[in-house]
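Chemist: sequence and computational prediction follow.
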Amino acid sequence: MEHLWKAKSFEHETVFTSDNIEVECTFQGHLFYSKLKPLCIALDLVFRKYAPTRTRVATSSLRRAIWIFFDFVQGFNLRQPKPLQVKALSDISAEVYNCFQDYLKLNEEPISNAAILKSALNNAALLSEVIPDLLLPYVDKATTLKPRAPLNDDADEALEAAFKKHIDSLYGKIQFRLEVEAALPYTFEEVHSLIVPNLSRSNIFQWVQFCRNGKKFPSDKSLKERLAASPDLELKKISEMENWRQEFYETYAERGEEHRFANPKNPFSNVNLIGFTPDPARVHKTLLGVGYPFEFDLDTIGKKYGTVGINSVSYCVDLVQLLMLRWRQPPRSPKTKPLPTWDDFLTMYYPSMEDMACLVQFIMLQTNWNKETVLALDPDNCEHALTGAMDEQYVVMQSEKNRSQGIGKPYYAPKEIIATSTRSDKYSAWSLFSLANALSTPLTPYDFDYINHGKTTADFNKAFLCIRYFGDWVKKGGRHTSVSNDKAFLQGIKQFLKTHEIYENGERLTGAKDLTPKLRPTWVKRRKQAGDTSHGLLAMFLGHNCPTTTDIHYDNSPYAQAERYARLESELEAILGLLYTGKFDGIVGTPIQEPVNLPFKVFHIPGMERPLWACTNQKNPTWHGAKSRVRPGEKCYVVSKCVFCSRAYMFEDSLPYLMERRIHVVEIMDDQPPSASDYSSELEIEIALIDDILDNWEDDRAIKEAARYQRRNTPLLPRDLNFLQVILEEEDRE
C-alpha cells in the first residue's frame, strides 16, 4: 500500500529520529544561518546529536527552538558592540540566556523553547567533546501546566464497571470462537436456494402474465432455463420438447383460475434476501474456510468485494458476495431485527480497536504503568524470574520503558519495570494480557497491509492486534493493525467512551485526553486510600528514581493537596492547643543545632544470615549527588551509593555481597548497547572501587571463603539495589 505515503523532497539537510522519521533541518533556511558561523555550525551539530535519540515530536520542538533562538541572536547582536555579540556557543552566558527567556515572553512564544534548547545543549555536551558544557540558568516553568488529577470516586467506579463489562464481552468472544469451530459452513447452493424464489408453476405463470401485461414476451432463453429448473415435472418435460415454446403457451392459455392474477408482479425481481437469516457462527466458519478477508488480495477485496457492484443476486459469483449482499439489505419493517453492521459482525470473531484499547487502559489502571510500558510487554517474556517464588498464583510481570526514565539516562537504554498480578482473578493484569494474546491469535499469521512511514513491524506489538474498519481497508491503512499505532489507540478509546457513558463532575469523557493521563494518579489515589503503601514504595512502584517526582507529578492533584491541607490544619490546631494551655514543650523559633552523634548503623537484609555493611553517619553522606537525593537532617538509605561514600564501613561479612554486586555490574554493562558507552562511566568506577577493596583485603583466606559463600548462596542481592533502599527505610520506620 505504498500509495498511502509519498516521499517528500527537502530543500535542506535531514536527520532521522528515534522513530525512524526523516526531519528536515529547516533552520538552515533562516537569514541568520551560515555554514561559516561557529554558532550555526555548533547548533547544527547539537540538532544532529539530539535527533537520533528522540522522537519526531521532540526533534521538531528543538528545530522550532533553534529557529526562534536565531531570531533572538540576530536582534541581540544588532544592539551589542562586537565584543559582546553572540558568535559561538561559548558566548552564551547566563545573562544572554536570561535575555532569551525575556525575548520569548515578550513575543508570546512558549517558555518551553528555552528548556528544550538547554536540554539539547546539555545532551550534546555529554555525547560530543566539541560541544562545551554550558552553565545555563534555571528556566522558568510554564504557568499553564496543571497537576495531574485522578478521577473522582464516582467516575472511578463507573470506569471500572465499564472495563469489567467490556472484558466480560471479550471472554464471550473467545467462547464464540469455539462455536465457530464446531459450526458447519454454508455452501453457495444452500444460500442461493434460501434467497432465490422457487421456480414453481404459479411463480412462472405469474411472471409470464406480468410480462404479457407489459405488452412483451419474456425472452426465450430465460423462459427455457426456468422451465428446465422448475420442480414442476410437466413444465420440465415441456422444456425438453422441440416445439417447447408452442407447448408452453398452449398450457399457459389453458391455466386454471388459481394461476390468473388480478395484479401480477414479477416474483423474480426481488429475491427473498430478508427471508434469509444467517447464523453468525456458520457465516464466520464459511469465511474462514474460503480465507476471507486476510488470505484475499487487498486489491481484489476493493474491486470484487467492495461497497460498489454487489447490488443483486445475479452479480454474485461466489458465496462471499452472496453473504455480503444479504448484509446490505435494510429491514423492511420496524419489527424485523436488523443484522449487525459488517464491521460489528467481523468483530464478533476478531478483536476491534475498542477491545484492545480497553485492555491496554485496564492493564494501566491495574499496574500503574504508562501506555508505553504496557505496549512494550513481550508475549514470550512477560513473567519475571521471581514469579511463583512465594505463591504459584501470583505473577510478577516485567516490561520496560525508554522515555522519562530518569535525568541523564539515554532513551535507548530501557529501564525494567515490574508489577505484581494474580492468575486467579480474570480481571487481573496478567489475565488481561493473556486475553489480549488469545484475541490476537487469528491475526498473528498475517503481515500488515500498511505500516506507518518510519515504523517497522517491530514497532507494532502483536499481542494487541485488532481489525480495522471495513471501509478503511483499501485506502486508509489496511485490514488490521496494533494499538501500538497511535491512531488505532485513540480511535479505540473514543469508541469505548462512546459505548460506555462515563461522567466526571457532570462532563462526559469523550477521548483519550480525558482518560489516559488520569489513570496513574487514580492508581496512586487508590493506594493512598487503602493506607498500606508508604511514599517510598509508591515511588518504587511507579518506577521513579526520586520520590520527589512522585510528589510533584502524581501526588500533587487537588485531592492530594486537600489531604495535605487537612493534615497541616490538624497539626497546627494541636500546636495552638498546647500553646494556649501552656503545655508546649520546646522553644518557638530556630534553636542552635547541636552536633549529632549517630550510632553505628549496620544494614541487614531480611532473610540473610550475614549483615550487608555499615554506615558511620547516615545523616552526612559524602557520595556525589547526595545533597539532591537526601534531604538535610534525614537519614540516607541509598545503599546503591555506599561504595562511593566515605561513611561506608565494610567488614568480612560484606565480602560476598561485594563480589555479587561486581557480577551484577558487569552484567548490566554487557547488556547495554554499544552506543550507551558514554553512560557506563559510573559503573566502571563502581567496579574499580570494589576491586580496590577486594585486592587490598589483608586476609586472603577470608576472600576465598567469601567467594565460596557467594557461589553457594546466590542470589544475595537484587540487580537493582533501590529495592533494598525501600526495604531498609520501611524496616527503620517500623
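Modeler: Arrived safely, thanks for sending.

Chemist: give me the domain ranges for this protein.
Modeler: Listed domain ranges for the chain are 2-127, 197-259, 273-346, 353-519, 524-581, 601-733 (source: automatic domain parsing).

Chemist: chain center to the fourth one: distance?
Modeler: Going by Cα atoms, centre = their mean, to the nearest Å, the spacing between the C-alpha centre of domain 353-519 and its chain's C-alpha centre is 5 Å.

Chemist: where does the stretch 1-150 of the chain have low pLDDT?
Modeler: Where the stretch 1-150 of the chain drops to pLDDT under 70, the residues are 1-8, 141-147.

Chemist: where along it do the strands fall?
Modeler: 14-16, 22-24 (DSSP state E, counting those that start in this stretch).

Chemist: redo those strands as a markdown table? Include distance to residue 664 and mean neighbour count.
Modeler: C-betas here are computed from N, CA, C, even on glycine. Converted to a markdown table, these look like this (distance: least, Cβ to Cβ, whole Å; neighbours: other Cβ atoms under 10 Å):
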| stretch | distance to residue 664 | mean neighbour count |
| --- | --- | --- |
| strand 14-16 | 34 | 15 |
| strand 22-24 | 38 | 17 |
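
Chemist: distance to residue 63 for these - can I get that in a markdown table?
Modeler: Shown next, in a markdown table, are those (distance: least, Cβ to Cβ, whole Å):
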| stretch | distance to residue 63 |
| --- | --- |
| strand 14-16 | 9 |
| strand 22-24 | 7 |
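
Chemist: nearest to residue 92, of the ones you listed?
Modeler: Closest of the strands of the stretch 1-150 of the chain to residue 92 is strand 14-16, at 22.3 Å (criterion: Cβ to Cβ).

Chemist: which elements pack onto that closest one?
Modeler: Using 3 or more Cβ pairs under 8 Å, 6 or more residues apart in numbering; DSSP states H and E, the elements in contact with strand 14-16 are strand 22-24.

Chemist: now the helices for the stretch 301-450 of the chain?
Modeler: Residue ranges of the helices in the stretch 301-450 of the chain, as given by DSSP state H, counting those that start in this stretch, are 319-327, 342-346, 353-367, 371-375, 429-440.

Chemist: looking at those, which is buried most?
Modeler: With neighbours taken as mean count of other Cβ atoms under 10 Å, the helices of the stretch 301-450 of the chain reach their highest mean count in helix 353-367, at a mean of 26.

Chemist: just the CA trace of it, in PDB.
Modeler: Taking Å, rounded to 0.1, in the frame of the first residue of the first chain, the C-alpha atoms of helix 353-367 are listed here in PDB:
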ATOM      1  CA  MET A 353      -9.600  -1.300  18.200                       C
ATOM      2  CA  GLU A 354     -12.100  -0.700  21.000                       C
ATOM      3  CA  ASP A 355     -11.400  -4.100  22.500                       C
ATOM      4  CA  MET A 356      -7.600  -3.700  22.600                       C
ATOM      5  CA  ALA A 357      -7.700  -0.100  23.800                       C
ATOM      6  CA  CYS A 358      -9.900  -1.200  26.600                       C
ATOM      7  CA  LEU A 359      -7.500  -4.000  27.600                       C
ATOM      8  CA  VAL A 360      -4.500  -1.600  27.500                       C
ATOM      9  CA  GLN A 361      -6.200   1.000  29.600                       C
ATOM     10  CA  PHE A 362      -7.400  -1.600  32.200                       C
ATOM     11  CA  ILE A 363      -3.900  -3.000  32.500                       C
ATOM     12  CA  MET A 364      -2.600   0.600  33.000                       C
ATOM     13  CA  LEU A 365      -5.100   1.000  35.800                       C
ATOM     14  CA  GLN A 366      -4.200  -2.400  37.400                       C
ATOM     15  CA  THR A 367      -0.400  -1.900  37.200                       C
END
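
Chemist: stretch 86-103 spans what distance, first to last residue?
Modeler: This stretch, stretch 86-103, spans 15 Å end to end (Cα to Cα, to the nearest Å).

Chemist: list the buried ones in it?
Modeler: Of the residues in stretch 86-103, 86, 89, 92, 96-98, 100-101, 103 count as buried by neighbour count, 16 or more other Cβ atoms under 10 Å.

Chemist: and which of these is nearest residue 625?
Modeler: residue 97 (24.1 Å).

Chemist: helix, strand or coil for residue 169?
Modeler: Assigned with DSSP: H, G, I helix; E, B strand; the rest coil, residue 169 falls in the helix class.

Chemist: what's the local residue count around it?
Modeler: 12 (other Cβ atoms under 10 Å).

Chemist: state the distance from it to residue 362.
Modeler: Using Cβ to Cβ, to the nearest Å, one gets 13 Å for the distance from residue 169 to residue 362.

Chemist: returning to what we had before: what would the domains of the chain look like in CSV with distance to residue 191?
Modeler: Output for the domains of the chain, formatted as CSV (distance: least, Cβ to Cβ, whole Å):
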stretch, distance to residue 191
domain 2-127, 35
domain 197-259, 14
domain 273-346, 5
domain 353-519, 20
domain 524-581, 53
domain 601-733, 57
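
Chemist: now, of those, which is deepest in the fold?
Modeler: It is domain 353-519: most buried of the domains of the chain by mean count of other Cβ under 10 Å, with a mean of 18.

Chemist: which of the domains of the chain has the lowest mean pLDDT?
Modeler: For the domains of the chain, mean pLDDT drops lowest on domain 524-581, to a mean of 71.

Chemist: what's the end-to-end length of that domain?
Modeler: 39 Å.

Chemist: again with stretch 288-303
Modeler: Length of stretch 288-303, first residue to last, Cα to Cα: 20 Å.

Chemist: follow-up on the earlier one: so which of the domains of the chain is nearest residue 180?
Modeler: domain 273-346 (4.6 Å).

Chemist: which residue lies nearest the spatial centre of this protein?
Modeler: With distances taken as Cα atoms, centre = their mean, residue 371 lies nearest the centre of the chain, 3.6 Å away.

Chemist: and the gap between that residue and residue 393?
Modeler: 27 Å.

Chemist: contacts for stretch 278-298?
Modeler: The contact list for stretch 278-298, computed with Cβ atoms under 8 Å, 6 or more residues apart in numbering, reads 1, 176, 179-186, 301, 305, 318-320, 323, 326, 339, 345-346, 348-349, 443, 446, 449, 473-474, 478-480.

Chemist: quick check: phi and psi at residue 631.
Modeler: Backbone torsions of residue 631, given as degrees, to the nearest 10, read phi -70, psi 150.

Chemist: and it, how far from residue 619?
Modeler: Separation of residue 631 from residue 619 (Cβ to Cβ) stands at 10 Å.

Chemist: list residues touching both of the two?
Modeler: Counting by Cβ under 8 Å, 6+ apart, residue 631 and residue 619 have no common neighbour.

Chemist: the residue nearest to residue 104 when sequence neighbours are not counted and residue 93, how far apart?
Modeler: Distances taken as Cβ to Cβ, 6 or more residues apart in numbering put residue 111 closest to residue 104, at 5.5 Å, once the chain neighbours are dropped. Per Cβ to Cβ, residue 111 is found 19 Å from residue 93.
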